[in-house]
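Asks: coordinates only, no sequence provided:
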Ligand SMILES: Cc1cc2nc3c(=O)[nH]c(=O)nc-3n(C[C@H](O)[C@H](O)[C@H](O)COP(=O)(O)O)c2cc1C
Ligand code: SF4
Ligand code: FES
């Protein structure tokens, strides 16, 4: 089956306006413009497209919350992609640029937005300029600017570069960042649909989410629902990294199993055995590489039933030699670094988790420290303003859930039976140590 | 002064947003390009352009990792050592690079050419080990390729010195 989102794998150059229009480009927007904004929202709602940025919320529903008021309204495209293990939006931005722009324009038409801001992570420096060049081509063709496609709707598209802060991927922090304020999350309500960017109604969607929209408009909601499962329809990009033979992005319909996905990517590297899977980067709980997990369909609800999340589907593979204490410590370092510091439980909690995990990893801790990190993580849960405070607990809690003995082996005097995997010949100190 | 040298770019930046304050981030990038880092003069000029207090601009600059608060080497090498890259050897690569250049993490070579820092995920986990050199991605690395690149950059720097460039 040809790719629906990663079309660049089938059609070289599809990211450029010239090639895109030769392959049906802008037919989705043309179709949208022939309908009323409400009809467009109804189609997207009916398709049951769910947000690809992590939360899996119904896209059509999100759009329908925007009130029908005069004055500026905004679409913010979340291209901040900073979750460890995630590199799918980058491929869309680089290689299927126009499909994203068209999707964002359809969203903008549906909510009658006056401007679109594409928030690209600062490190995507060149990609941002390439995006600007493609925006100019779409403008020259009449898809951006005044009276688009002869309608009485007008809309501008701008690129805004972030500057290196994972938290700005959180939607309300992103709005503050664009406004030139500190990129910290906002207290909700009010929700962005009512009071978002500059206090105006705003829809924030992920890059991959919006890239799904043009084919939905062209082929209809029924077609879309025929792909994937009933509750999780459509194609999904899976980012495969870590101990995998062929790392990269893979597009599959939702509902295939972990086993099928891993096979598609060539299996575990070097013929090793699978130990664990991180289905959604550092932000979702670890899963053990058991048959039960491997045979689970990749849908929002099935992965949730396992006690993890599908999230943005950045699947990190850990082989049998992976030291889980080390892996948990790595992830906590990330969250400690990225906590924006606004709430005490998250700021202090990530600090203490990193401190104690470091001590455990360096074999300078006791059994009590293992219990302590567990209790700190549990106390952090549900106490923070944004989801990062919860994400930060999952590496610790899930590693302890399945591999608790590995932690104990680090804090007890070395015994022949100790289970911590032997450190490789010359232990490499971790970055920042 | 930024406002004279980059007049056209600055006008374009302000035209993007309904509010002057939103121009802080893009203007900080301009200041960094001009001064080599976000210098105190740069902060003051951005504040004046956006009509807000310099301390606020400074706090924005400090919030993000891509604004350099001190000058860096001509080649600012940011090596990703986050989990997915580390699983396939990024920590070792980072340490080997530091050893090869004879510097510590975060340090700059005495000739002012290279600064090495480790950073979090750069969305290139399928092409590890990798780094970003002055905002450009360099991927699928190993020390052999790295040594060749370092030689190439040294030669480029010597050439631009000979040409009278900075
Ligand atoms: C700490 C944190 C980081 C996030 N980072 C991203 C990100 O990089 N990209 C993204 O699309 N969504 C990210 N999200 C989710 C966004 O807040 C938001 O749910 C999403 O952009 C909505 O788009 P969607 O409905 O199309 O998925 C993040 C959320 C949190 C709490
Ligand atoms: S939970 Fe953490 S990252 Fe989120 S707002 Fe609070 S301190 Fe900031
Ligand atoms: S972990 Fe290194 S680029 Fe993602």
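Replies: In hand now; what should we look at? Predicted model, so just to flag it, every value in this text is computed and none were measured. Residues are numbered from 1 along each chain as shown, chains lettered A, B, ... in the order given. Ligands and ions are numbered 1, 2, ... in the order given.
Asks: just the pLDDT at residue B:12, thanks.
Replies: Looking at residue B:12, its pLDDT stands at 97.
Asks: quickly note the distance from it to residue A:114.
Replies: In this view, residue B:12 and residue A:114 are 19 Å apart by CB to CB, to the nearest Å. Glycine gets a C-beta too; all of them are placed from N, C-alpha and C.
Asks: please apply the same query to residue B:117.
Replies: Residue B:117 is 40 Å from residue A:114, where distance means CB to CB.
Asks: show me which of these two is the more surrounded one.
Replies: residue B:117 (20 against 17; other CB atoms under 10 Å in any protein chain shown).
Asks: strands along the chain, start to end?
Replies: Picked chain A for this. With DSSP state E applied, chain A shows strands at A:74-79, A:115-120, A:156-161, A:202-206, A:235-242, A:248-253, A:274-282, A:287-288, A:314-319, listed in chain order.
Asks: actually it's chain B I care about, not the one you picked
Replies: Secondary structure of chain B by DSSP E: the strands cover B:75-80, B:114-119, B:131-133, B:136-138.
Asks: what residues does the third one touch?
Replies: The reference is to strand B:131-133. Strand B:131-133 is contacted from outside by A:123, B:75, B:76, B:77, B:78, B:79, B:80, B:119, B:122, B:138, B:141, using CB atoms under 8 Å, 6 or more residues apart in numbering or on different chains.
Asks: neighbours of residue A:146, how many?
Replies: Neighbourhood size, residue A:146 [other CB under 10 Å]: 10.
Asks: phi and psi next, for it.
Replies: Backbone torsions of residue A:146, given as degrees, to the nearest 10, read phi -90, psi 140.
Asks: any weak-confidence spans in the stretch 301-433 of chain A?
Replies: A:413-433 (pLDDT under 70).
Asks: er, chain B actually
Replies: B:165-166.
Asks: tell me the phi and psi of residue B:107?
Replies: Dihedral pair for residue B:107: phi -90, psi 170, per degrees, to the nearest 10.
Asks: equivalent analysis for residue A:284, please.
Replies: Per-residue torsions, residue A:284: phi -110, psi 150 (degrees, to the nearest 10).
Asks: state the pLDDT value of it.
Replies: Here the pLDDT value assigned to residue A:284 is 95.
Asks: what's the neighbour count on it?
Replies: There are 28 residues near residue A:284, going by other CB under 10 Å.
Asks: columns mean neighbour count on top of the strands of chain A, output as JSON lines?
Replies: Output for these, formatted as JSON lines (neighbours: other CB atoms under 10 Å in any protein chain shown):
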{"stretch": "strand A:74-79", "mean neighbour count": "27"}
{"stretch": "strand A:115-120", "mean neighbour count": "24"}
{"stretch": "strand A:156-161", "mean neighbour count": "20"}
{"stretch": "strand A:202-206", "mean neighbour count": "26"}
{"stretch": "strand A:235-242", "mean neighbour count": "26"}
{"stretch": "strand A:248-253", "mean neighbour count": "20"}
{"stretch": "strand A:274-282", "mean neighbour count": "26"}
{"stretch": "strand A:287-288", "mean neighbour count": "20"}
{"stretch": "strand A:314-319", "mean neighbour count": "27"}
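Asks: of all those, which lies closest to residue B:67?
Replies: Checking the strands of chain A against residue B:67 by CB to CB gives strand A:156-161 as the closest, at 11.5 Å.
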